[in-house]
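Student: my questions are about this predicted structure, shown below with the sequence.
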Amino acid sequence: QVQVVESGGGLVQPGGSLRLSCAASGFMSDTFAIAWFRQAPGKEREGVSCFSNSDGRLHYSDSVKGRFTISRDNAKNTVYLQMNSLKPEDTAVYYCAADPGGLGCSVDSSKYDYWGQGTQVTVSS
């Protein structure tokens, strides 16, 4: 059974950094995709970044490109989202999602069957 658990959110000042963790387990093969989404109050859910384990592809939304980095630690079954130069508009609940068997990398939320509970990120002085 696939399980996805996020951690690492919190309060940070503008310009600061946070690292989110996504512990994803239960995959039956090495072909899967992991994505990070976020949703701010009153706004639609936004795809932030994704990683494809089958071919190593990465993707970042324009809003975070150059500031966020997605990476993995297979030994720990964990995918990280390093967030630097944070802005108040990055404030949102961040979700990790898994697509077992997914080829390539997508931030289309409909492709992801397993979701974590979300972790709050607040960027404020």
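Tutor: Sure thing, it's come through.
Student: quick check, central residue of this structure?
Tutor: Geometric centre of the chain, nearest residue: residue 36, 2.3 Å, by CA atoms, centre = their mean.
Student: can I assume that one is in contact with residue 46?
Tutor: No - look at residue 36 against residue 46 with CB atoms under 8 Å: they stay out of range, at 9.7 Å. Yep, even glycine has a C-beta here, placed from its N, CA and C like the rest.
Student: which pLDDT value belongs to the closest residue to residue 94 other than its chain neighbours?
Tutor: Using CB to CB, 6 or more residues apart in numbering and skipping the chain neighbours, the partner closest in space to residue 94 is residue 38 (4.8 Å). We have a pLDDT of 98 for residue 38.
Student: now do the same contact list for residue 100.
Tutor: By CB atoms under 8 Å, 6 or more residues apart in numbering, the residues touching residue 100 are 2, 26, 27, 28, 29, 31, 32, 113, 114.
Student: one more time with 10 Å, if that's ok
Tutor: Residue 100 makes contacts with 2, 24, 26, 27, 28, 29, 31, 32, 33, 112, 113, 114, as judged by CB atoms under 10 Å, 6 or more residues apart in numbering.
Student: ok, what's across the strand from it?
Tutor: Beta-bridge partners of residue 100, counted by DSSP bridges, are residue 32.
Student: what sits against residue 74?
Tutor: 30, 53.
Student: kindly report the same for the one 3 residues further on.
Tutor: The contact partners of residue 77, taken as CB under 10 Å, 6+ apart, are 3, 22, 23, 24, 25, 26, 27.
Student: now residue 12
Tutor: Residue 12 neighbours (CB under 10 Å, 6+ apart): 18, 83, 86, 90, 91, 121, 122, 123, 124, 125.
Student: tabulate those residues in a markdown table, adding columns for pLDDT and secondary structure.
Tutor: Listed next are the contacts of residue 12 as a markdown table, based on pLDDT from 0 to 100; DSSP: H, G, I helix; E, B strand; the rest coil:
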| residue | pLDDT | secondary structure |
| --- | --- | --- |
| 18 | 97 | strand |
| 83 | 98 | strand |
| 86 | 98 | coil |
| 90 | 98 | helix |
| 91 | 98 | coil |
| 121 | 98 | strand |
| 122 | 98 | strand |
| 123 | 98 | strand |
| 124 | 96 | coil |
| 125 | 95 | coil |
